[in-house]
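my questions are about this predicted structure, shown below with the sequence.
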Amino acid sequence: MSATPNAFTVLNHPSLDQAGGGRAAAETARPAPLLESADLLKGGKAVGILHNGSLYRLQATKLGKLILTK
């Protein structure tokens with residue numbers, strides 16, 4: 001099985017259901033865009049992300065991990 005370098009499949013899990021019905025429909029799952037963390041951070045160690053009116057912080061650690069906090 002080969003991986004597609006520019007997309008990945010969104011997990012089919014009820015918690016990801018945007019319709020509010022509590023069930024994720026398999027027919028609505030589609031590839032999501034793939035972004036490099038370096039493109040998001042643009043040479044920095046952290047970036048702010050505004051989501052649904054709330055500010056989140058995506059931060060790269062010294063060990064190369066990512067942390068998303070509200």
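It's in.

residue boundaries of the helices in this protein?
Assigned by DSSP state H, the helices in the chain fall at 37-41.

what residues go with each domain of it?
Residue ranges for the structural domains of the chain, counted by automatic domain parsing, are given in the record as 1-34, 36-70.

and the longest one, what's its mean pLDDT?
Taken as a whole, domain 36-70 carries a mean pLDDT of 96.

now Arg30: how far from Arg57?
Shown here: Arg30 relative to Arg57, a distance of 28 Å by C-beta to C-beta, to the nearest Å. For every residue, glycine as well, the C-beta is placed using N, CA and C.

show me which of the two is the more surrounded one.
Taking neighbours as other C-beta atoms under 10 Å, Arg30 and Arg57 compare with Arg57 leading, 12 against 8.

the more buried one and Val47 touch, don't they?
Yes: taking contact to mean C-beta atoms under 8 Å, the distance of 7.5 Å between Arg57 and Val47 places them in contact.

between those two, what contacts are shared?
Common contact partners of Arg57 and Val47 (C-beta atoms under 8 Å, 6 or more residues apart in numbering): none.

and the closest residue to Ser54 other than its chain neighbours, how many neighbours?
On the basis of C-beta to C-beta, 6 or more residues apart in numbering, the spatially nearest residue to Ser54 that is not a chain neighbour turns out to be Lys70, at 6.2 Å. Residues within reach of Lys70, counting by other C-beta under 10 Å, total 8.
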